[in-house]
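Undergrad: sharing a sequence plus its predicted fold:
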Amino acid sequence: PKPGTASTEGSSIAILPFSNRSGSQDGEYLSEGIADELIHGLSQIESLRVVSGFAFRNQGLDIQTIGRRFKVRSVLDGSVQQSGNRIRISVRLNSTDDGSMIWSNRYNQEIEDIFDIQDNVASLVQQALKVSLSVTSGPALETSTRNIEAYDAFLLGNHERRKDQQCACEKAIGFFSRATEIDPEFGRAYYLLGICHWEMTVYLGLKPEIIAQAERAFERAQKLQYVPEVPWEHVHRRLHPEIRPTQRELAREAVELIRKRDGSWRNFELVQLGRCLGSAGFYQAAFDFLSKYTAESNEVFSKMESVQNDTLSLLPVLGRFSEAIEILSSQLDSEPDDVQARQSRAMLFSRTKQFAKAEEDIQHLAGEAHFAFVSFYHLYMQKRMEEAQRHFEDLLRDDKLPLRFRFWA
């Protein structure tokens with residue numbers, strides 16, 4: 001079937017990263033972390049569609065533009081200021097229909113009260129949007145720890161991990177390890193510790209000791225009944241490529257799961273089948289299934305971003321270059337500082353031999369992490385191989401290069 005598109009009907013919300021009012025970069029991890037926790041918790045509500053605002057931070061979008069672009073009916077944002085052991089948090093919920101405020105609240109409490117504050121914000125969102133949890137008892141958000149020191153280390157780890165760099169990943173492992181030492185029952189920290197170890201294999205290779213560390217972390221998270229973003233089956237396959245089924249077997253497994261739905265897969269079977277179809281050359285079908293997943297899923301984490309990137313990347317594969325460029329140009333008209341869109345358009349200009357236009361976009365990327373890779377790609381598409389080779393060698397030496405660029409290179 002053709003995919004449905006997400007609409008503004010029903011309850012939907014975009015949650016923006018909270019602004020840091022602490023007067024230093026040290027408070028950034030806390031302001032990010034509070035928004036991240038609300039995204040993680042509220043996305044568990046089946047009747048509420050949640051969009052992560054981390055993808056369009058610092059773009060200066062107004063409330064109504066966010067509503068149109070991401071098809072949500074409300075936007076939550078706020079600010080965080082920490083001073084010693086006290087924390088001040090301002091939160092507001094706005095309607096995307098006219099930009100009006102639905103409600104706002106302020107908290108001025110001890111840092112140890114952070115769990116209660118987050119629970120209160122989540123409860124107010126549920127009430128305002130008229131959504132309810134399937135289970136009414138217990139806290140609105142499940143952080144899987146109530147130890148403030150473990151939680152602080154966890155937020156620091158997530159802050160580093162989001163940078164998508166080898167050196168940051170190493171720091172994240174240290175923070176997540178500390179969180180699990182303080183609270184041995186912290187399932188989410190164990191899971192992200194395993195993910196960081198797995199990401200290190202991309203930088204350092206499939207070394208047995210790294211795989212063993214990832215396995216131990218995942219096994220502990222699984223025993224603590226943590227529910228990951230993707231099915232556990234997929235987690236273990238990603239860690240052990242040698243046990244990965246063939247494309248045909250993966251496709252048949254996905255088809256069977258679509259026929260007999262398994263709740264633990266959380267619609268991931270649509271992604272699995274879509275990617276298998278793409279590998280087999282059925283690009284339109286792949287586009288349909290990936291789009292269907294995006295429309296039906298509540299997931300808002302890195303997996304969703306990768307699925308959306310996969311979907312957009314199929315437009316050029318389908319020969320729809322002008323359509324892809326038009327979409328990106330429209331985004332850049334309203335948000336000229338959208339680095340991701342600028343990078344993607346530059347690469348499409350290079351690929352379609354519009355080299356002068358590509359160079360204009362590349363100049364806008366100077367100083368960004370994208371610049372080195374896009375410049376390399378631009379040279380490669382012009383068949384200037386010696387220059388491209390030098391750029392490639394520089395990319396491999398850059399330990400701050402985001403993981404996805406190393407993979408693409």
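TA: Now that the structure is in, tell me what you want to look at. Residues are numbered from 1 along each chain as shown.
Undergrad: any idea how far T246 lies from R237?
TA: Using C-beta to C-beta, to the nearest Å, T246 is found at 12 Å from R237. To be clear about C-beta, it is placed using only N, CA and C from the backbone, and glycine gets the same treatment.
Undergrad: more neighbours: which of those two?
TA: R237 (16 against 9; other C-beta atoms under 10 Å).
Undergrad: check which helices and strands the one helix or strand that one maps to is in contact with.
TA: Following DSSP states H and E, one finds R237 within helix 232-239. Helix 232-239 sits against helix 187-204, helix 208-223, with contacts defined as 3 or more C-beta pairs under 8 Å, 6 or more residues apart in numbering; DSSP states H and E.
Undergrad: shaky segments in the stretch 51-200 of the chain?
TA: Residues of the stretch 51-200 of the chain meeting the criterion pLDDT under 70: 55-60, 132-143.
Undergrad: which residues touch E359?
TA: Applying C-beta atoms under 8 Å, 6 or more residues apart in numbering, one finds that E359 lies in contact with H378.
Undergrad: where does it sit, in terms of helix or strand?
TA: Counting by DSSP H and E, E359 is found in helix 355-364.
Undergrad: helix 355-364 and the helix or strand that comes right after that helix, what's the angle between them?
TA: Next helix or strand after helix 355-364 toward the C-terminus (DSSP H and E): helix 369-381. Put simply, helix 369-381 runs at 160 degrees to helix 355-364, going by axes from the mean of the first three to the mean of the last three C-alpha atoms, to 10 degrees.
Undergrad: can you count the residues close to S306?
TA: 12.
Undergrad: okay, and it sits in which element?
TA: helix 302-317.
Undergrad: what are the contacting residues of that helix?
TA: Contacts of helix 302-317 (C-beta under 8 Å, 6+ apart): 52, 55, 229-230, 271, 274-275, 278, 283, 286-287, 290-291, 293-294, 297, 321, 323-324, 327, 344, 348, 351.
Undergrad: any buried residues in the helix or strand that it is followed by, and which?
TA: Going down the chain from helix 302-317, the next helix or strand is helix 321-334, by DSSP H and E. For helix 321-334, burial by neighbour count (16 or more other C-beta atoms under 10 Å) applies to F321, A324, I325, I327, L328, Q331, L332.
Undergrad: cool, and stretch 153-167?
TA: Quick answer for stretch 153-167 (16+ other C-beta under 10 Å): 153-161, 163-166.
Undergrad: which residues touch that stretch?
TA: 28-30, 32-33, 36, 54, 145, 168-169, 171-176, 178-179, 182, 186, 188-189, 192-193, 195-196, 200, 203, 399-404.
Undergrad: tally of neighbours for the nearest residue to G53 once chain neighbours are set aside?
TA: With sequence-adjacent residues excluded and distances taken as C-beta to C-beta, 6 or more residues apart in numbering, G53 is closest to L16, at 3.6 Å. Burial of L16 is recorded as 20 neighbouring residues (other C-beta under 10 Å).
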